[in-house]
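Chemist: Turn this into a model:
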Amino acid sequence: MMILQVFLLLVGFLLLVKGADWFVEGAASIAKKMGIPQLIVGLTIVAMGTSMPEAAVSITAAINNNAGITVGNVVGSNIMNILIILGITSVITSVAIQKSTLYYEIPFMIGITVVMMIFGYTDSKITFFESVILCILFVAFLGYLFYMSKKGSPTEEETAKDFPVWKCLLLMVIGGIMVVKGSDFAVDGASYIAKYFGLSDRLIGLTIVAFGTSLPELVTSITAAKKGNVDIAIGNIVGSNIFNILFVIGITGLICDVPFESKFLIDTCVTIGAGVLLWLGTIKHKELRRPCGILMLLCYAGYFAYLCVK
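Modeler: Next up is the predicted model:
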């Protein structure tokens, strides 16, 4: 059984790598054809596509009356998205931050994380009414992106291949399916291995499962950065974190109340701190550089050590 789970884990990684590669190629090419800024593509199509594992896990759990894992899944993924994924990406290459991301999207991401924490902490759960507010904020965010796509000029991207539209869509669909299925295999395999070695459920939820559902963001961001599509790399992470809170928790809360245990208060504060670190680390040079990336990785190491002793 252990050999099978290790095999599934490796297959999951393989699907993630190739699927993310195809997804980024298709998204970058279709953005070039339609004159859509790469940043907008990263904040919408790519971010939502790579957040599907979080959505699938949380919504399925809610349907099965087990919504307690939703907050841990989302918070854990958002922490990893910033500290691990952007940390690794910036170590590989400096990641430029567009002005709108620095002054609007990152503060918005921090703000809605605070809102989620207040909603959860006040009643020890996120209620239906509060979930409606999150969904309204999500629709407003989509409206903002639509406005930005009309206002902004497209980013010139020489590295984007000029595929036919049908091939772009095919690459995105097949790549998206491979990313989601690869994440499923990776999460199942990693969770089994973790439980085999006696790790706690909370540690598994905030680390193994969160890492598994964040693997699409990791692979997609690194792939995008290596291909020169840095706006997709940073936009993917910010958009994914916003999507996780407003859509994943919002939709889950419409199905049933989402429990917010007191122990998640510290984890949510870490999420807020990670967002502030990202903003402070990019505001001076308007890009995320290697020193800040190394600091992010060290911060996650400290957070992981805290989880291990709790």
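Chemist: Please count neighbours and contacts with C-alpha atoms only from this point.
Modeler: Will do.
Chemist: Report the contact partners of G76.
Modeler: Shown in contact with G76 (CA atoms under 8 Å, 6 or more residues apart in numbering): G205, L206, T207, A210, F211, D267.
Chemist: Now the host helix or strand of T282: buried residues?
Modeler: Element membership for T282, per DSSP states H and E: helix 264-283. Residues of helix 264-283 classed as buried by neighbour count (16 or more other CA atoms under 10 Å): 264, 267-272, 274-275, 277-279, 281-282.
Chemist: Lowest-confidence member of those residues, which is it?
Modeler: Ranked by pLDDT, the buried residues of helix 264-283 bottom out at F264, which has 88.
Chemist: Could you measure from that one over to M148?
Modeler: 34 Å (CA to CA, to the nearest Å).
Chemist: Now a ChimeraX select for only the buried ones of the contacts of G76.
Modeler: Selection of buried members from the contacts of G76 for ChimeraX, criterion 16+ other CA under 10 Å:
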select :205,206,207,210,211,267
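Chemist: of all the contacts of G76, which comes closest to F108?
Modeler: D267 (18.7 Å; CA to CA).
Chemist: just for the stretch 101-250 of the chain, where's the confidence low?
Modeler: The stretch 101-250 of the chain contains residues with pLDDT under 70 at 149, 151-162, 200-202, 228-233.
Chemist: go with 80
Modeler: Applying pLDDT under 80 to the stretch 101-250 of the chain flags residues 146, 148-163, 179-180, 182-184, 186-191, 193-195, 197-236.
Chemist: Okay, helices next: where are they in it?
Modeler: With DSSP state H, counting those that start in this stretch, the ranges of helices along the stretch 101-250 of the chain come out as 106-123, 128-151, 165-196, 201-203, 210-226, 230-243, 250-255.
Chemist: which of the ones you listed is buried the deepest?
Modeler: Burial of the helices of the stretch 101-250 of the chain is given as mean neighbour count (mean count of other CA atoms under 10 Å); helix 230-243 ranks first at a mean of 29.
Chemist: Contacts for stretch 292-303, please.
Modeler: Contacts for stretch 292-303 (CA under 8 Å, 6+ apart): 80, 82-84, 86-91, 274, 277, 281.
Chemist: on that earlier part again, ok, which of the helices of the stretch 101-250 of the chain comes nearest Q5?
Modeler: The closest of these to Q5 is helix 165-196. By CA to CA, the value is 4.6 Å.
Chemist: coming back round to it: among the helices of the stretch 101-250 of the chain, which comes closest to L14?
Modeler: Relative to L14, the nearest member of those by CA to CA is helix 165-196, separated by 7.3 Å.
Chemist: Just the CA atoms of the helix or strand hosting I79, as PDB, please.
Modeler: Assessed by DSSP H and E, I79 sits inside helix 69-79. Output in PDB follows, covering the C-alpha atoms of helix 69-79 (Å, rounded to 0.1, in the frame of the first residue of the first chain):
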ATOM      1  CA  ILE A  69     -11.200  21.600   7.300                       C
ATOM      2  CA  THR A  70     -12.100  24.600   5.100                       C
ATOM      3  CA  VAL A  71     -10.400  27.300   7.100                       C
ATOM      4  CA  GLY A  72      -7.300  25.200   7.700                       C
ATOM      5  CA  ASN A  73      -7.100  24.300   4.000                       C
ATOM      6  CA  VAL A  74      -7.500  27.900   2.800                       C
ATOM      7  CA  VAL A  75      -5.300  29.500   5.500                       C
ATOM      8  CA  GLY A  76      -2.500  26.900   5.100                       C
ATOM      9  CA  SER A  77      -2.600  27.300   1.300                       C
ATOM     10  CA  ASN A  78      -2.500  31.100   1.400                       C
ATOM     11  CA  ILE A  79       0.500  31.000   3.800                       C
END
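Chemist: helix or strand right after that helix?
Modeler: Next in sequence after helix 69-79, counting helices and strands by DSSP H and E, comes helix 87-92.
Chemist: Quick check: mean pLDDT of that following helix?
Modeler: 89.
Chemist: So what are the sheet partners of the helix or strand just after that helix and their directions?
Modeler: Downstream of helix 87-92, the first helix or strand assigned by DSSP H and E is strand 95-96. Strand 95-96 sits in its sheet next to strand 287-288 (antiparallel), going by DSSP bridges.
Chemist: Check what contacts the strand it pairs with and list those residues.
Modeler: So strand 287-288 is contacted by S90, S94, V95, A96, I97, L278, G281, T282 (CA under 8 Å, 6+ apart).
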